[in-house]
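Enquirer: Sequence and predicted structure below; questions after.
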Amino acid sequence: MRIGILLSIACFITIGTACPVGWTPYQDSCYHVSPENESWINAMKMCEVHGSYLADILDAEENRFIVSLMHHTQSNSFWIGGSDWTVEGKWVWEPLGIKFNYTNFADGRPNNYHGENCLSIRAQNHQWDDDDCDEKRRYLCEKRQAKLYF
Ligand SMILES: *[C@@H]1O[C@H](CO)[C@@H](O)[C@H](O)[C@H]1NC(C)=O
Ligand SMILES: *[C@@H]1O[C@H](CO)[C@@H](O)[C@H](O)[C@H]1NC(C)=O
Ligand SMILES: [Ca+2]
Ligand SMILES: [Ca+2]
Ligand SMILES: [Ca+2]
């Protein structure tokens, strides 16, 4: 009887987690930190294969959460979903092309050094830089949490 109740509770908790194994919930999203390095475009494709997109960071709280995820790793710089590939200097969250509202660029960035069009975030100072899209970096995928009803 008691075991039955415990199993029910365990079951409830498992089903109640709306993010798949290996993804971390935050607000309405689930996040995954890639173990491997990829170019920005391959990172986006890999996220899409897994039903997600390169993370967009829409406010300071989400930026803080993402930094906390990165701090569990040894790496310094990660790809996120921003790009000014379409129009130089006009930054959007891909693939939907949503204009930036919140930004957290480091001082003097974006600087478009040698034509940088892809957005990375640094674990150390929590700030963003425009970066060479071909650079291979770890990356952060984000997807909406599945809505579960009981
Ligand atoms: C990813 O790149 C970083 C920096 O170049 C390197 O230190 C790290 O070992 C690479 N990780 C993998 C899994 O290849
Ligand atoms: C953009 O940011 C401002 C100030 O933080 C906020 O009031 C507004 O709701 C944001 N707009 C959108 C579309 O998120
Ligand atoms: Ca987001
Ligand atoms: Ca650029
Ligand atoms: Ca730059």
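Expert: Noted; the coordinates are in hand. Residues are numbered from 1 along each chain as shown. Ligands and ions are numbered 1, 2, ... in the order given.
Enquirer: distance of His126 from Leu96?
Expert: Counting by CB to CB, to the nearest Å, the gap from His126 to Leu96 is 24 Å. Every C-beta, even on glycine, is put in place using the N, C-alpha and C of the backbone.
Enquirer: These two: which is more packed in?
Expert: The neighbour count for His126 versus Leu96, taken as other CB atoms under 10 Å, is higher for His126 (17 against 9).
Enquirer: Give me the secondary structure label for Glu142.
Expert: Recorded secondary structure, Glu142: strand (DSSP: H, G, I helix; E, B strand; the rest coil).
Enquirer: from the chain's centre, how far out does stretch 81-93 sit?
Expert: 16 Å (CA atoms, centre = their mean, to the nearest Å).
Enquirer: How about residues contacting it?
Expert: Contacts with stretch 81-93, where a contact means CB atoms under 8 Å, 6 or more residues apart in numbering, come from 40, 44, 53-56, 94-95, 97-100, 103, 110, 112, 117-119, 128, 130, 133, 142.
Enquirer: Try it again at 10 Å.
Expert: 40-41, 43-44, 47, 52-58, 80, 94-101, 103, 105, 110, 112, 115-121, 128, 130-131, 133, 139-142 (CB atoms under 10 Å, 6 or more residues apart in numbering).
Enquirer: Could you check how many residues crowd around the residue of the chain found nearest ligand 5?
Expert: In the chain, the residue that lies nearest ligand 5 is Asp130 (4.2 Å; CB to the ion). Asp130 is flanked by 23 other residues according to other CB under 10 Å.
Enquirer: Surely it is in contact with Ile121?
Expert: No. With contact defined as CB atoms under 10 Å, Asp130 does not count as touching Ile121 (11.3 Å).
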